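Participant: sequence and predicted model, in that order:
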Amino acid sequence: MGILPTTKKIKVNKGDVLLKQGQITKYGYLVETGCLKSYTLDNNGKEHILQFAPENWMISDLDSFTNQIPSVIFIEAIEDSEVAFISKSEFNEISQLEKTELIEIATKFRNNLIATNKRVIGLLSATAEQRYIDFTLLYPTLVQRLPLKLIASYIGVTPEYLSEIRRKLSKK
């Protein structure tokens, strides 16, 4: 059962874009299997990954979803995935949920906010090595699942430099 009884579930293929920059977000996404990513593109077309959403994570552009303004991010499937879509109207019915469902939603949002805050702090003050270690702690199931280039993009280094970091850490 999803968070909300009326939530639609669909299968999405690797590479499917669920949200494009400039669109108004209609859904929050709860990943049941697989993995999604949110990212933005800079003026040179370089991708900057903001978040991964593996199993049991929620992902959306919360500002666009809440305020119905154009999204500043993309959301894309990086693995074949099964995703529950939570519409704004379903989300607005949150007061109708059972206590356990409300706790589940609050926990997912809280964990997402904590992860985002740690990520921002890491980007501002941590070394690339520490950002990689933090990634492995936050997303232990993704370390072996994701291509090196996606992890490198997330921690803000080149894939070559990430390989160097991983070699260095494996010798410790």
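Facilitator: That came through fine.
Participant: need the contact list for residue 154.
Facilitator: 49, 52, 135 (C-beta atoms under 8 Å, 6 or more residues apart in numbering). The way it works is simple: take the backbone N, C-alpha and C, and place the C-beta from them, glycine included.
Participant: restrict whichever strand or helix holds the first one to CA atoms and write it as CSV.
Facilitator: Remark: residue 49 resides in strand 47-53, with elements defined by DSSP states H and E. What follows is the C-alpha trace of strand 47-53 in CSV, where atoms were taken according to Å, rounded to 0.1, in the frame of the first residue of the first chain:
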residue,chain,number,x,y,z
GLU,A,47,24.4,18.4,-15.3
HIS,A,48,24.5,19.0,-11.5
ILE,A,49,22.8,16.2,-9.5
LEU,A,50,21.0,17.5,-6.5
GLN,A,51,19.5,14.3,-5.1
PHE,A,52,19.1,10.6,-5.7
ALA,A,53,15.9,8.8,-4.7
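Participant: okay if I get the contacts of residue 154 as CSV plus neighbour count?
Facilitator: Formatted as CSV, those follow (neighbours: other C-beta atoms under 10 Å):
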residue, neighbour count
49, 21
52, 25
135, 20
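Participant: for these, which one is nearest residue 98?
Facilitator: residue 52 (29.1 Å; C-beta to C-beta).
Participant: for the closest one, which non-adjacent residue is spatially closest?
Facilitator: residue 37 (5.3 Å; C-beta to C-beta, 6 or more residues apart in numbering).
Participant: which of the helices or strands spans the one you found?
Facilitator: Applying DSSP H and E, one finds residue 37 within strand 36-41.
Participant: and the contacts of that strand?
Facilitator: With contacts defined as C-beta under 8 Å, 6+ apart, strand 36-41 is touched by 18, 21, 29, 47-53, 59, 61, 72-78, 81, 83, 150, 153.
Participant: which among those count as buried?
Facilitator: 18, 21, 29, 49-53, 59, 61, 73-78, 81, 83, 150, 153 (16 or more other C-beta atoms under 10 Å).
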